[in-house]
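**Q** What follows is a predicted structure for the sequence shown.
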Amino acid sequence: MSLFKFELKKIWRQKKWFWMLVVVLLCAGLVFYQNQIEQDLMVKEAEEKLFPVIMKTDQLYAQLRPLDRENRLTEEQKIQFDSLNNMATAIFHWKSAIYKKHWEEIPQWEKEFLENLVVYEEAGGVFDKLQGLERDKAISKNALLIEHQLPYANETYPISPFLQLNKLAAILLGPAGLLLLLLLFGSAYTSEKEQQTVLTVRTQPVLRRSFLLSKYAGLLGVTLLYVATVLAFGWVIPSLFGDSFNDWKYPVFLEAGDAFTLIPAWQYTGRLALLFTGAGAFLFAFLLVVGTQLKNSFTAVMLTGFLTMIGVVLTEIASKFQVPWNPFQLFRGDRFLPEYPDYPIWIYAISALLWCALLVTIAVFLREGTRGLFSASEEQKPFRKGRPHHLLSALTISAFEWRKSKRKGLLGQIMVVLAIAVVAGYVFLAEQVKEKESETIGKIANEPIYAENELIPYYEESIRETEESIQEANRNGENGEFIYGHNIDYYNDRIVEAREKAALAAKAAVAYEQEEWAPLYDYQLYEDQQRLGIFAESKKGVHLPESFFGYEAAILQKEWMKERNIRPVFPGSYISNIHEQWKPEERRAKKWNNKMNRNIDHSGLFSLYMVFRDYLFFIPMCLLFLLVGSGFSGERGKRPTLHLLETMPIKRRSLFLGKTIHASLTAMGSAVVIFLFVVLVGTLFNRLGDWMYPVLRYHSNYEKQSFDFTGNRAFEGGYTFMPLGDYLLKALLLYVCVTLFLIALANIIGLVARQPLVVYALTSLISGAGYLLSWKLNDFAQFSPFLYLNVPKIVNGEILTLLNNPAISVTMACAMLLGTTVILLVVTYIGMSFEQRGMKKRKPSVAEV
C-alpha cells in the first residue's frame with residue numbers, strides 16, 4: 001500500500017493529470033457547444049422524419065373522402081376513414097407541438113397516431129411508409145417514453161445530460177481516450193529506467209513484483225480517474241447549461257439486422273465505461289510487459305501503440321476474431337456496443353480481468369531488459385570527433401544537439417511512424433480513388449443504355465400523349481396545336497439532346513480505356529454547360545446556395561486540362577468555393593455538397609496537394625514540434641542537464657541559438673523528407689502526376705475590378721488557375737517559414753517555462769489567438785505573421801479575397817514570418833547578453849556579503 005501511495009504522489013506531482021482534466025473539459029465543452037448551435041435544426045429534422053407519414057396519410061384520406069361524401073363507404077372503409085381522420089388529427093397536433101417546441105407533448109400524439117394506424121390496418125388498410133422493423137421500433141420507443149414520462153429529445157445533437165454524455169463517451173471512452181492515456185502516462189515505468197531512479201528503488205528492501213504491481217495499480221487508478229472525469233464533465237456541463245431533463249432512462253437502441261432491443265441511457269453509458277476500463281487495463285498491462293524489455297519511453301509507447309493498432313485492425317477485418325476472449329475486441333466497444341448484443345457484457349469484464357492477470361504475471365517473471373529499437377544510436381559520441389571544441393559557436397552547439405538527438409533515436413522512430421502512416425493513408429486513398437473512378441466511368445458507360453431504354457422512350461411516349469391531347473382538344477372545338485403543340489417541340493429537343501449526350505458518353509467511355517482524355521472532357525463540358533444553364537434559370541426564381549463561380553470555374557478547369565492533355569481527376573462537375581450562400585440551417589447540405597465535389601487522386605503530386613489542402617501537414621508538424629520544440633524546458637526535470645551545460649564554458653545565448661538552429665533544421669528537414677516520401681509512394685504505386693494540373697486561386701474584388709486584371713471574372717468574384725507544381729512549391733516554402741517562426745517562438749517561451757507541456761500549450765494558445773486577432777486588423781492584417789499560419793488558404797488566395805487585401809500573398813507571408821523570426825531571435829539574443837552581464841556584475845556583491 002505504501003508503494004501505491006508513493007506512485008500516486010509521483011503522478012500528482014508530475015501534473016499530467018491536470019492536462020488530462022483540461023483535455024476532457026475542453027472536449028466536453030466543445031461537444032456541448034457543437035450540439036447547442038445545432039439545436040435550430042431540431043425542428044427541421046423532426047419535420048423531415050414526419051413528412052413521409054403526413055403525405056401518405058393525406059393521400060389515403062383523399063382517396064376515401066369522395067366516397068364518404070357520396071355515402072358509398074363499406075363498413076371496413078368507414079373504419080379506415082375514421083382511423084385516417086384520427087391519424088390526421090394526431091399528426092396535426094404532432095406538427096403543432098414541433099412548431100411550438102413542446103417536445104413533451106409529442107410522445108402522446110405519436111401514441112395516438114400509432115394506435116389508430118393499427119386499427120386502420122386491422123380494417124384492411126395498407127400503410128407502406130411505416131412498416132416492419134421501423135414500426136416495431138417506433139412503438140417500443142414510444143411505449144417507454146410514455147411509461148417514464150419523457151419528452152421527445154434531439155438524439156442527433158443532444159444537450160440533455162445522459163444523451164449528451166453518450167455522445168461524448170463515444171469519443172473519449174474509445175480509441176481517442178486510450179491514445180490520450182497512453183501518451184500522458186505510458187512512460188510511467190520506462191522513464192524510471194531512463195532517469196536511473198529505478199536503480200535507487202533496487203537499493204531499497206522492495207521486491208520487484210511489488211514495484212511493478214504498484215506501477216500498474218497507479219495506472220489503473222489514472223484510468224478510473226479519467227473515466228470518472230469524463231462521466232462527471234459530460235453530465236455536469238449539459239445539466240448546468242443545456243435543456244436538462246431527467247433523461248437517465250431515455251431509451252437507446254441496440255440493433256443488428258432485424259433484431260433490436262432498448263436499454264436506458266445510463267446503462268449504455270455504464271457499458272461503454274466498463275469496456276473502456278477493460279481496454280485501458282489491458283493496454284497498460286501490455287505496456288508494462290513491453291516496458292520491462294525496453295529502456296526508452298518513446299520506443300515503448302510507440303511499439304505498444306503500433307502492436308495494439310495491428311491487433312485492432314485484424315479484429316476489425318476478421319469477423320471470427322470479434323469475440324469477448326479476444327482482448328482487442330475491447331478496443332472496439334464504441335463500434336459493437338450500439339449493435340444487438342451477442343454476448344453478455346460481464347463476459348468482456350471477465351476476459352479483460354484474465355488477460356490483465358496473465359500479462360502482469362508475465363511482466364513480473366520476465367527478466368528486466370534494456371533493449372532499444374535503434375541500439376547503434378546509443379553509441380554516438382556527443383561531438384563528431386569525440387572532443388568538444390569551439391564551445392562558443394552556436395553552430396557547434398547545434399551539432400551537439402544533433403548528436404544528442406541521434407543518441408536518443410527518437411527522430412528515427414518518429415520518421416518510421418510517419419512513413420507507416422503515409423503508406424497506410426495512401427492505401428486508403430487509392431481505394432477511394434478507384435471507387436470514385438469506377439463509379440464515374442460506369443455511369444458514363446451506362447448513359448447510352450439509359451438514354452435508349454428509358455429516357456428517349458419516355459419522351460416519345462410523352463409526344464404520343466401530347467398528340468392525343470391535341471386531337472382530343474380539336475374534337476372539343478379547341479385549338480389543340482396552340483395549347484399543346486409547343487410541348488412536342490420541347491420533347492423533340494430533349495430527344496436530340498439525349499442522343500447527343502449518349503453519343504458523347506459512348507465515345508468518352510471507349511476513349512478513357514485507351515487513355516485518350518479529350519472525348520471525356522467533351523462529354524463533361526457538355527454536361528457542365530447543361531447544368532450551368534439549368535442553374536441560371538433556377539436562380540432567377542428561387543434561392544440556390546451554389547454560385548456561378550463554382551460552375552464556371554469547373555468548366556474553365558476542364559478546358560485547361562483538355563488543352564494540356566492532363567489525366568482527369570474525379571469528381572469535377574462543380575468546385576465548392578467561398579462565394580456560396582448557404583443558410584445556417586443548410587450546413588449539413590453544405591458538408592454533403594463539399595464532400596461530393598471534392599477532387600481526389602492518388603498520384604504522387606496530387607497526394608502531396610491533398611496533404612496541404614486537407615491540413616494533414618499538421619501531423620508531422622505537431623510530432624516534430626513535440627520532439628524538438630521544447631527548448632530549455634526540455635533540459636529541466638529530475639535530471640536537469642541544463643545545470644550541467646551551464647557549468648561549462650558555454651554562453652547561455654549560444655546554447656539558446658544552437659538549440660533553435662538544431663530544432664529548426666530538424667523540423668524542416670524531416671518534414672520535407674516526409675513530403676518527398678508522400679510523392680515517392682504515389683509515384684511508385686501509381687504515377688508522378690501532372691505538374692500543370694490547374695488549382696483554383698481566388699482574387700479579391702479589388703483585383704477583379706482593376707483594368708489590368710487578366711484572370712477570369714465570374715459574377716461573384718475573380719479567379720485564375722495555377723499549376724499544381726507551383727502550388728506545391730509555394731506551400732512548401734510557406735510551411736518552412738511557418739515552422740521557423742513557431743520553433744523560434746517556442747524556444748523563446750522555453751526560456752521562462754519550466755515544463756515542455758507549458759511551452760506547447762502557450763505556443764498553441766498564442767498562435768491561435770494571434771490568428772483570430774489578425775482578422776480584426778482589416779487593412780493592416782498583412783503585417784501580422786500569425787495570419788499566415790493557415791498555409792493552404794494563403795497559397796490559394798482565399799484569405800486575401802475574404803479580407804479584400806491584395807497585399808496578402810506568399811511573398812508577403814515569407815517576408816513577415818522570416819522577419820518576425822529574425823527580430824525575435826535578435827532581441828532575445830541581445831537580451832540574454834545583457835542578462836549575463838548583469839549576473840556578472842552582481843557576483844562580486846554577493847561574494848562581499
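**A** It's in. Here the structure is a predicted model, which is why all the values come from computation and not from measurement.

**Q** worst-scoring helix or strand of this protein, pLDDT-wise?
**A** Lowest on mean pLDDT, DSSP states H and E among the helices and strands of the chain sits helix 641-646, with a mean of 55.

**Q** The very next helix or strand once past that helix - contacts with which helices or strands?
**A** Next along the chain after helix 641-646, taking DSSP states H and E as the criterion, comes helix 652-685. Helix 652-685 sits against helix 394-408, helix 410-450, helix 604-613, helix 618-628, helix 724-749, helix 810-848, with contacts defined as 3 or more Cβ pairs under 8 Å, 6 or more residues apart in numbering; DSSP states H and E. Bear in mind the C-beta positions are built from the backbone N, C-alpha and C, glycine included.

**Q** and those as CSV, adding distance to Pro694 and mean pLDDT?
**A** Below are the helices and strands packed on helix 652-685 laid out as CSV (distance: least, Cβ to Cβ, whole Å; pLDDT from 0 to 100):
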stretch, distance to Pro694, mean pLDDT
helix 394-408, 41, 66
helix 410-450, 19, 87
helix 604-613, 12, 95
helix 618-628, 26, 88
helix 724-749, 8, 94
helix 810-848, 18, 76
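
**Q** could these go into TSV alongside distance to Glu563 and mean neighbour count?
**A** Output for these, formatted as TSV (distance: least, Cβ to Cβ, whole Å; neighbours: other Cβ atoms under 10 Å):
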stretch	distance to Glu563	mean neighbour count
helix 394-408	49	18
helix 410-450	21	16
helix 604-613	19	23
helix 618-628	35	19
helix 724-749	15	22
helix 810-848	26	14
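
**Q** I'd like those helices as TSV, with distance to Arg475 appended.
**A** What follows is the helices and strands packed on helix 652-685, written out as TSV (distance: least, Cβ to Cβ, whole Å):
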stretch	distance to Arg475
helix 394-408	95
helix 410-450	36
helix 604-613	64
helix 618-628	74
helix 724-749	66
helix 810-848	74
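
**Q** Return the distance of the residue nearest the centre of the chain relative to Ile600.
**A** Nearest to the mean C-alpha position of the chain, by Cα atoms, centre = their mean, lies Asp614 at 9.7 Å. Counting by Cβ to Cβ, to the nearest Å, the gap from Asp614 to Ile600 is 10 Å.

**Q** can you check Ala815 too?
**A** In terms of Cβ to Cβ, Ala815 sits 34 Å off from Ile600.

**Q** Go ahead and confirm His662 touches Gly631.
**A** No: using Cβ atoms under 8 Å as the test, His662 is too far from Gly631 to be in contact (10.6 Å).

**Q** before we move on, back to that, could you tell me what pLDDT the model assigned to the residue nearest to the centre of the chain?
**A** What the model reports as pLDDT for Asp614 is 92.

**Q** With Gly629 instead?
**A** For Gly629, pLDDT reads 80.

**Q** Who are the contact partners of it?
**A** 663, 667, 742-743, 746-747, 750, 759-760, 763 (Cβ atoms under 8 Å, 6 or more residues apart in numbering).

**Q** how about Leu294, phi and psi?
**A** The phi/psi pair for Leu294 (degrees, to the nearest 10) reads phi -110, psi 160.

**Q** could you pull out the strands for the stretch 151-300 of the chain?
**A** 251-256, 259-264 (DSSP state E, counting those that start in this stretch).

**Q** So this protein: which segments form each domain?
**A** Taking automatic domain parsing as the criterion, the chain consists of the domains 2-36+170-244+253-372, 39-147, 374-405, 413-593, 606-848.

**Q** Export the ones you listed to TSV and append columns for distance to Ala153.
**A** What follows is the domains of the chain, written out as TSV (distance: least, Cβ to Cβ, whole Å):
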stretch	distance to Ala153
domain 2-36+170-244+253-372	9
domain 39-147	7
domain 374-405	53
domain 413-593	19
domain 606-848	34
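
**Q** which stretch among the ones you listed comes nearest Thr156?
**A** domain 39-147 (6.4 Å; Cβ to Cβ).

**Q** shaky segments in the protein?
**A** For the chain, the stretches with pLDDT under 70 are 1-4, 6, 194-206, 369-409, 585, 632, 634-650, 835-849.

**Q** what about 50?
**A** Across the chain, the ranges flagged by pLDDT under 50 are 374-381, 383, 386-392, 845-849.

**Q** I'd like to check which residues are in contact with the closest residue to Phe113 other than its chain neighbours.
**A** Leaving aside its sequence neighbours, Phe113 sits nearest to Ala90 (Cβ to Cβ, 6 or more residues apart in numbering; 4.0 Å). Applying Cβ under 8 Å, 6+ apart, we find Ala90 in contact with 109-110, 112-113, 116.

**Q** For Ser538, grab the count of nearby residues.
**A** By other Cβ atoms under 10 Å, the residues close to Ser538 number 12.

**Q** my guess is it is in a strand, correct?
**A** No: using DSSP: H, G, I helix; E, B strand; the rest coil, the assignment for Ser538 is helix, not a strand.

**Q** Now it. Nearest residue, chain neighbours left out?
**A** Nearest non-adjacent residue to Ser538, counting by Cβ to Cβ, 6+ apart: Leu544, 6.0 Å away.

**Q** quick one, phi/psi of the residue nearest to the centre of the chain?
**A** Note on Asp614: backbone dihedrals following degrees, to the nearest 10 are phi -100, psi 10.

**Q** how much space between the residue nearest to Ala671 when sequence neighbours are not counted and Lys193?
**A** Distance criterion Cβ to Cβ, 6+ apart; nearest residue to Ala671, sequence neighbours excluded, is Pro620 at 5.0 Å. Taking Cβ to Cβ as the measure, Pro620 falls 28 Å from Lys193.

**Q** With Asn116 instead?
**A** Distance from Asn116 to Lys193, counting by Cβ to Cβ: 72 Å.

**Q** same question, Thr666
**A** For Thr666 relative to Lys193 (Cβ to Cβ), the value is 25 Å.

**Q** same deal with Glu515?
**A** On the measure of Cβ to Cβ, Glu515 and Lys193 end up 58 Å apart.

**Q** and the two? which has more neighbours close in?
**A** Between Glu515 and Lys193, counted using other Cβ under 10 Å, the more crowded position is Lys193 (21 against 7).

**Q** wait, doesn't that one sit right on Thr299?
**A** No: shown here, Lys193 and Thr299 do not form a contact pair, counting by Cβ under 8 Å, at 11.2 Å.

**Q** returning to that earlier point: run a quick check on the residue nearest to Ala671 versus Ser670, I expect a contact.
**A** Yes: counting by Cβ under 8 Å, Ser670 is a contact partner of Pro620 at 7.1 Å.

**Q** sorry, back to before: possible to save the contacts of Gly629 as CSV with distance to Glu580?
**A** Output for those, formatted as CSV (distance: Cβ to Cβ, whole Å):
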residue, distance to Glu580
Ala663, 41
Ala667, 36
Leu742, 32
Ile743, 37
Ala746, 37
Asn747, 42
Gly750, 43
Val759, 40
Tyr760, 36
Thr763, 34
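
**Q** Let me know the closest of those to Ala97.
**A** The shortest approach to Ala97 among the contacts of Gly629 belongs to Tyr760, at 49.6 Å (Cβ to Cβ).

**Q** hang on, that closest one packs against Val628?
**A** No: if you go by Cβ under 8 Å, Tyr760 and Val628 don't touch, sitting 11.7 Å apart.

**Q** Centre of the chain to stretch 601-618, how far?
**A** Distance of stretch 601-618 from the chain centroid (Cα atoms, centre = their mean, to the nearest Å) equals 15 Å.

**Q** Likewise for stretch 720-739?
**A** A distance of 23 Å separates the centroid of the chain from that of stretch 720-739, by Cα atoms, centre = their mean.
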